[in-house]
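J.: build me a model from this:
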Amino acid sequence: MDKKLRRHKLQLEQIKKKLLAQTQFTEGLQEHEGLRDATQELSVIDNHPADIASENYERAKDISLHEKNLLVLNKVEEALEKISVGKYGYCENCGKAIPEARLDAVPYAEFCFECKKKAEGVPHDYPRPIEELNLMSPFARTFMGDKDYTGYDGEDAWQDVDQYEKLPHVFYRETSDESDDTIGAVEDIERISNDEYKKQLPD
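T.: Residues are numbered from 1 along each chain as shown. The predicted model follows:
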């Protein structure tokens, strides 16, 4: 075993030892059936949610860290197994050697730089929030001017807002020909007010 491989093996063993100590300390977290068992409270029903918010947050954080530690521990054990069979330091996707600088930083790395970038997907310099890639109308950006689309899209919404902003005293005068009484009426008979109806009744 060469010097570099021995160094990485020592790094992995140290990481494994540290992770084992952390996971043993938090091993019982997921065995709790509910928040009552975790907080040792007789009942959480009579408490205001804010009274147990800190305990709930801390428990959720501890469980998340515990799961992350278990995931990293599995990767460390896989890397140690690769060292024992002579397959350590090679990308699992393309098969090329992982750069030494990457192994020094993350000794349990599974992929090279390029494959890791592809696995992570969209780069961080994406100009819009990354969630918009999975959002559909009306929450995504829906400017459909370049497509054969006749529905109400983001461009129409922007034009409506732009016209609304140009109206003087928009809160003090009607913005259209319709009044509050006639908005939503489908037939003409629905536009007759109670006062008009009473005038038509015989005395």
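J.: tell me which other helices or strands the helix ranked longest in the chain touches.
T.: Looking across the chain with DSSP state H, the single longest helix is helix 53-85. If you count contacts as 3 or more C-beta pairs under 8 Å, 6 or more residues apart in numbering; DSSP states H and E, helix 53-85 packs onto helix 3-25, helix 35-39. The C-beta positions use only the backbone N, C-alpha and C, and glycine is treated the same way.
J.: JSON lines for those, including mean pLDDT, distance to residue 151 and mean neighbour count?
T.: Output for these, formatted as JSON lines (pLDDT from 0 to 100; distance: least, C-beta to C-beta, whole Å; neighbours: other C-beta atoms under 10 Å):
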{"stretch": "helix 3-25", "mean pLDDT": "88", "distance to residue 151": "53", "mean neighbour count": "14"}
{"stretch": "helix 35-39", "mean pLDDT": "62", "distance to residue 151": "46", "mean neighbour count": "16"}
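J.: residue 68 is nearest to which of those helices?
T.: When these are compared by C-beta to C-beta, helix 3-25 sits nearest residue 68, at 9.8 Å.
J.: what lies in contact with the closest one?
T.: Contacts to helix 3-25, defined as C-beta atoms under 8 Å, 6 or more residues apart in numbering, come from residues 1, 65-66, 69-70, 72-73, 76-77, 79-80, 83, 88-89, 100, 103, 107-108.
J.: state the distance from residue 3 to residue 154.
T.: Using C-beta to C-beta, to the nearest Å, residue 3 is found at 60 Å from residue 154.
J.: ah, wrong one, I meant residue 201
T.: 50 Å.
J.: okay, the two: which has more neighbours?
T.: Taking neighbours as other C-beta atoms under 10 Å, residue 201 and residue 154 compare with residue 154 leading, 15 against 6.
J.: I'd like to know how far the more buried one sits from residue 163.
T.: Where residue 163 is concerned, residue 154 sits at a distance of 15 Å (C-beta to C-beta).
J.: in this structure, where is pLDDT below threshold?
T.: Applying pLDDT under 70 to the chain flags the ranges 1, 25-49, 122-126, 136-146, 165-186, 191.
J.: again, only this time at 90
T.: 1-8, 19-67, 69, 84-87, 89, 93, 95, 113-203 (pLDDT under 90).
J.: care to break this protein down by domain?
T.: 3-31+48-121, 154-200 (automatic domain parsing).
J.: next helix or strand past the longest helix of the chain?
T.: Downstream of helix 53-85, the first helix or strand assigned by DSSP states H and E is helix 100-105.
J.: could you check how far residue 22 is from residue 103?
T.: Counting by C-beta to C-beta - residue 22 and residue 103 are separated by 23 Å.
J.: returning to what we had before: tilt between the longest helix of the chain and helix 3-25?
T.: With axes from the mean of the first three to the mean of the last three C-alpha atoms, to 10 degrees as the basis, helix 53-85 and helix 3-25 are set at 150 degrees to each other.
J.: give me the buried positions along helix 53-85.
T.: 55, 59, 66, 69, 72, 73, 75, 76, 79, 80, 82, 83 (16 or more other C-beta atoms under 10 Å).
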